[in-house]
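Enquirer: sharing a model that was predicted from the sequence below.
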Amino acid sequence: MSAQRCTKCKHTFPRTSKHWGAQFGAGGVVINTRCRSCCEKDARRAAEKRGTAKAADSENDNTEDASDFIKAIPLVAFLDALSNGTTDVHHLCALVNVSSVVDSPDLREAKDGELAFKPVVDQIAAYVWERTDYRFTYLRSTTTKDRQTTRFIYHCAQLASRQHKPKKIGDMKKQRDKGQMDTFDCEGYLTIWAAENQDQYFIRYAHNDLHLKYKCIDLPEDVKQLVDGNLELRVTEIWKKILAVYPQPMFTRQQIYNRWLLKTNSKWRLDDNEVKSAKMLLEALRNSKEGYVEPIVFPEDNDGYTAFGFALPSLIRRWGGAIVEVALDSTFKTNKAGYECFALLGEVYGSGLPLGFLLIQSNNPSPGEKEKYIRSLIRDITSKWKITPIQSLSDKDITEINAFLAELPDDIKHQLCFWHGIRAVRGRLSVIGRPPAFYHAEEAFQEFDFIDRDFVPLAQMDPAKRTPENLQVAQVMLPMLKVRLNGSAISTAPKLPKIVIQVDGKLREFLGSLDSLEESDIVDVVDEEEEYAEHLIRENAHMVNQAEAEPSWIEPGEKPIGTSFRVSDDYEFCRPPHRSQLLHTFIRHGCLHPLLPERHGERRNKDQIRRDCVFEMYTFCKQRGLREVWGYMWEAWYCPAKWRLWARSSQPNFIGRWRTTMSVENFWKNLKHGTLHHFLHPRLDQLVYLIVTDVVPTFEASMLKFDPNWRLGRSKKLAPWQSAFKSEWAKLSRRELDSNADSYTTDISTWTCTCGQQKYNAFLLCKHLVQSVESPDPRFFREVYRRRVTPFYHHALLKPKDGSSVDDSHFFPSRLAGDLTPEQFYLPQAKELAVSEQSRKRNFSNTQTDESAERQLTDSEDNPVAASSSPTRSQSAVHPDEDFDDSDELEDHTRKLIQDLRRGADILEGQLSQLSESKILLRNVKRRKLGRDVTHFVQDIRHSHETGRVRKTVWGQNGGKAARRYTNNTLGSSQPS
């Protein structure tokens, strides 16, 4: 044992706490130069002289008595002292031998810089946390002037005075609901004096309050490694792996997402400004060897808009030659910055293929400026990438419509989304207090002389003519009848009963006598034509009843939202009894087409169709006194500029495969619910990265499934369009034919029928056509596609039941008509963009006959045409059905349901016989409302059969939950004979 000589008494004593005192300061443990006896004598004399006791040492004093710690103790003993006993330790000081920690190879590798022993000190603090359940967080460190000793100070993580102040904003609505953890005034500090290359550290532990233990929510190291090693997986998949190891974790899924985001954002976050970063990312991807994207140049005017966009060359090069129909639609809520996203999709075998994107944000924009950005997107895709559409689609957004009309040739058909049109008319007719925009009566009269100049909306009437007779409006629904003279339909508008007749294919007022008409000459349209329209609405109720933004059906010239627009208290735009008939008539007019024969074989060209439709709508409104409705209908739908946008008969030479923009909406839905569902408000650059690295490769892989050379010789799954087609075919094949079915002419060679139902069907099918051919081989459904001209379907397996042969003289193969040949599925890289300018300039004349129109669609160029794997909702809402007839399955299911219901009734009846013992069960049955759906089903079916009513409201699905339940319970029910 070493000894030391006292500087005062000059005696030499062993270096122990019995003979020597020690203090601990910034330099560590310092042994006094005077022995303990001399120090005590000096202390007594000083106390007597001052008459006061020595003041207590403060936290920063370096004179704390450390005599008892001249001899170091192991770190384990120090930690045991902290955790021993029945109560927590408040204060503890010791000279500790930390050689076990210093010699750790992991910490030795972690040393760097002048504080090379910092990892050792951190590890000691971690050991203290482990033993006491109080976490100590690093605060600061100070080094002595000779740089030999450093003091490290850690504070209790729950110490109130050391918490970061929250950066709250004044608006309470925007403040976070989640607060900070509970904190306390515990004055908890852990102070460690350490020196480099020394194994003895002096440690002082202080903690005055036995508050709640610290709950650690940090990610464990093994979890961090699991996340870092699976960055290619979604956070949801990583979270499932973690839960297998940590079934009840203290950390959250959000922490996993933050860790995953931190490790992956280096791939797409090139700048803190997300717009700048997104543009830099597009440039980087364009220069990559994959050539994924091609940025689109947009105008850089100071017009209040910020925009950028890109095209997808890999998809366009492979399938661009097959695309002759395009659709555009936008969506919100895909990114944190609030940019509106536009997607331009091309039709490939009934499904949508993304071609390009536009992301745009407005900040006090100038009116109409958005159109030029949309035009830039369309121009880039059609000009640079040689996409030559013959039809474009959009919703009722006038900006999108104008952009298409400005960038595409005049002969290109623009089609308004079928469902958007129906919802717009349906919504506008329901607004009873809003008058229509200004009606240009003279313009209507100049085109159609049967229109009365004085039949104008109330606001435009001559006050002298506002007599009760002129303002009379029909208060009940009036019948719509058709009269046939010598087999020809005649449309007219006599006095009650209201009859519409047609003479020699031309609509006009019938002035002759109706006395000579036979009863068989009068046909009730409601039982046939309107029934088809109503059936279409019922089957697609989810689309018709979808909420529509109010501005989409408010026409230009009408008073804006939020203003007082009611003319008078008794003003009514359209009486409820007439709304269904108006909507059905509108639907029928939109579905008419010269290629589809009318009932009893009538054919009309596009001009005849328009004149007849205008006359029918005008006559309907005139006979019922619906001045306001006629003014709205003409200005919004039937004037020349608007008619060409929604009536498919305005392009008489073909019928496009798409009639809605549901393909684009379905694309956005898949992006939001499939890809973006795993992300919380992604940045713009992250959104671009996900589209390029996730969506595009998925589409490329999906398209391969429809290449005939892919998996050659192996069976392939039906395309989404084919599955829906098969389901519709099976449904129509089971329908019972009418008694007058023989009066209809079905022509397999042109695939047309004179029943009048074909025009409503999204696949251009009807039960007469389906049941006029033999049940086709399953191979038919794997190879079927719909053509845009007659014959709409042409296949060797379509064989008439009567054994006759199909006349092929109507069939002219054409790319633009939608025909597919094995050679068109794949072309070498050099031919992928070889789209002839002749196709672009092809003029589909509206004055040609149907036969010449079909020949004009003939195109000798070979271009790839195939089917996309992404599902489309542009057709009716039908679901794939693998079997033609599911009657057996339905019968088995229904019989089992009946058996279960009867057994349930027997059980309840048995419980009633022992009511005193079964009260608990029966109370639970009552509380849970068990069987309420069966009760509603019985009541609704009984009401329907006894009253003959189909629904309780004017609009099928309006009326709340009860009306929707009633419709679901009674739809398709038949009354037993």
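Expert: Cool, got the structure. Residues are numbered from 1 along each chain as shown.

Enquirer: so what's the gap between whichever helix or strand residue 614 is part of and the chain middle?
Expert: For residue 614, the element it lies in under DSSP states H and E is helix 606-624. Computed by C-alpha atoms, centre = their mean, to the nearest Å, the separation of helix 606-624 from the middle of its chain amounts to 39 Å.

Enquirer: and the next helix or strand past it?
Expert: Using DSSP H and E, the helix or strand that follows helix 606-624 towards the C-terminus is helix 627-633.

Enquirer: could you export the following helix or strand past that next one as CSV, CA atoms only?
Expert: As assigned by DSSP H and E, the chain's next helix or strand after helix 627-633 is helix 640-646. Provided in CSV are the C-alpha atoms of helix 640-646 (Å, rounded to 0.1, in the frame of the first residue of the first chain):
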residue,chain,number,x,y,z
PRO,A,640,-75.2,22.5,-81.8
ALA,A,641,-72.0,23.2,-79.7
LYS,A,642,-73.2,21.1,-76.8
TRP,A,643,-74.8,18.3,-78.8
ARG,A,644,-71.6,17.2,-80.3
LEU,A,645,-70.0,16.8,-76.9
TRP,A,646,-72.4,14.2,-75.4
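
Enquirer: related to what we said a few turns ago, show me what the helix holding residue 614 is packed against.
Expert: strand 499-503, strand 506-507, helix 579-591, helix 627-633 (3 or more C-beta pairs under 8 Å, 6 or more residues apart in numbering; DSSP states H and E). For the C-beta atoms, the positions are set from N, CA and C on the backbone; glycine is no exception.

Enquirer: avg pLDDT for the shortest one?
Expert: Across strand 506-507, the average pLDDT comes to 40.

Enquirer: same deal with the longest one?
Expert: Averaged over helix 579-591, pLDDT sits at 93.

Enquirer: mind checking how far it is from the chain centre?
Expert: Centre-to-centre, helix 579-591 and its host chain are 30 Å apart (C-alpha atoms, centre = their mean).

Enquirer: how far away is residue 767 from residue 246?
Expert: As judged by C-beta to C-beta, to the nearest Å, residue 767 and residue 246 stand 59 Å apart.

Enquirer: those two: which is more packed in?
Expert: Set side by side, residue 767 and residue 246 show more neighbours around residue 767, with 21 against 13, by other C-beta atoms under 10 Å.

Enquirer: residues touching the more buried one, list them.
Expert: Contact analysis of residue 767 by C-beta atoms under 8 Å, 6 or more residues apart in numbering lists 732-733, 735, 737, 757.

Enquirer: which regions of the stretch 851-977 of the chain sit below the pLDDT cut-off?
Expert: Residues of the stretch 851-977 of the chain that meet the criterion pLDDT under 70 lie in 851-889, 946-961, 964, 972, 975-977.

Enquirer: what about the helix or strand harbouring residue 202, distance to the chain center?
Expert: If you go by DSSP H and E, residue 202 is part of strand 200-206. How far strand 200-206 lies from its chain's middle: 59 Å, per C-alpha atoms, centre = their mean.

Enquirer: how about the helix holding residue 614 as CSV, C-alpha atoms only?
Expert: Taking C-alpha atoms only, helix 606-624 is exported to CSV below (Å, rounded to 0.1, in the frame of the first residue of the first chain):
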residue,chain,number,x,y,z
LYS,A,606,-76.9,11.7,-87.5
ASP,A,607,-78.9,14.8,-88.7
GLN,A,608,-82.2,12.9,-88.5
ILE,A,609,-81.4,11.7,-85.0
ARG,A,610,-80.6,15.2,-83.8
ARG,A,611,-83.7,16.7,-85.3
ASP,A,612,-85.9,14.0,-83.9
CYS,A,613,-84.3,14.2,-80.4
VAL,A,614,-84.7,18.0,-80.3
PHE,A,615,-88.3,17.7,-81.4
GLU,A,616,-89.1,15.1,-78.8
MET,A,617,-87.5,17.0,-76.0
TYR,A,618,-89.0,20.2,-77.1
THR,A,619,-92.5,18.7,-77.5
PHE,A,620,-92.2,17.0,-74.1
CYS,A,621,-91.5,20.3,-72.4
LYS,A,622,-94.0,22.3,-74.5
GLN,A,623,-96.9,19.9,-73.8
ARG,A,624,-96.2,20.0,-70.0
